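Trainee: fold the following.
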Amino acid sequence: MLTLRPYKKCDAEKIASWCDSEETYLNWGGTLFGPYPLTADIINTKYLEKNGDCSEEDNFYPLTAVCSDGSVGSLIIRYINGNPKILRLGWVLADPQKRGQGYGKKMISLALKYAFDILGADTVTIGVYEDNPPAYGCYRSCGFRPSSVLSDSVMDVNGKKRKVVELEITKEEFHRGIEQ
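Mentor: This is a model prediction of the structure:
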């Protein structure tokens, strides 16, 4: 059984180890954490001291996905522009030894349930690089669709232009998907 719990300082070492290549690191959002390689200290500074670079004090919720085998993934939830009705998922990462086993989809589904049923969001967004088909497929399988809230953008990632595809799901869409 997979559950989400608040991020703890002790999670950082494992999360850093999951960024086992520069490509994984950059897909995860590495340029926002500085140059590769990632370290536990960098994660703890960003999450615990810098509030995920969010200016609002109560706007950054890092979570760790755990099961009987220990931690298997990590992600964050934050508000967009301080609007409590629109939340954003980000920095989604799974243990490379667990990829392809459904943990990512389950982790995203749990985060959506938390966002809609606990935090009271109406819409949840997520961005994904268009050249990252595994993540894109995972998010689409969770019910995300192209966004009407945010526009796609292009980011410079280590000198390479990468298109960020913006996806969203509404509370109604999520609950309709659960019922089916």
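Trainee: what lies in contact with the lengthiest helix in the chain?
Mentor: Identified as the longest helix of the chain according to DSSP state H is helix 103-113. By Cβ atoms under 8 Å, 6 or more residues apart in numbering, the residues outside helix 103-113 that reach it are 2-4, 63, 65, 67, 72-73, 75, 77, 89, 92, 94-95, 124, 135, 138-139, 141-143, 169, 174. Quick note: C-beta positions are derived from backbone N, CA and C, even for glycine.
Trainee: got the buried residues for that helix?
Mentor: By neighbour count with 16 or more other Cβ atoms under 10 Å, helix 103-113 contains the buried residues 103-112.
Trainee: and for stretch 171-178?
Mentor: For stretch 171-178, by 16+ other Cβ under 10 Å, it's 171, 173-174.
Trainee: and the pLDDT for M1?
Mentor: At M1, the predicted lDDT confidence score is 93.
Trainee: that one against C67, yeah?
Mentor: Yes - counting by Cβ atoms under 8 Å, M1 does reach C67; the two are 6.3 Å apart.
Trainee: which helices and strands does the next helix or strand after the longest helix of the chain pack with?
Mentor: Next in sequence after helix 103-113, counting helices and strands by DSSP states H and E, comes strand 123-129. Secondary-structure packing of strand 123-129 (3 or more Cβ pairs under 8 Å, 6 or more residues apart in numbering; DSSP states H and E): strand 83-94, helix 133-141, strand 160-170.
Trainee: more crowded one of M1 and C67?
Mentor: C67 (15 against 6; other Cβ atoms under 10 Å).
Trainee: and the strand or helix carrying R176, C-alpha only, in CSV?
Mentor: In the assignment (DSSP H and E), R176 maps to helix 171-179. Only the C-alpha atoms of helix 171-179 are listed here, as CSV (Å, rounded to 0.1, in the frame of the first residue of the first chain):
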residue,chain,number,x,y,z
LYS,A,171,-11.8,18.2,-9.2
GLU,A,172,-14.8,17.0,-11.2
GLU,A,173,-12.7,15.2,-13.8
PHE,A,174,-10.7,13.5,-11.1
HIS,A,175,-13.7,12.3,-9.2
ARG,A,176,-15.4,11.2,-12.5
GLY,A,177,-12.3,9.2,-13.3
ILE,A,178,-12.4,7.5,-9.9
GLU,A,179,-16.0,6.5,-10.3
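Trainee: Y61 pairs with what?
Mentor: Beta-bridge pairing for Y61 (DSSP bridges): I77.
Trainee: check K161 too.
Mentor: With DSSP bridges as the rule, K161 is bridged to D156.
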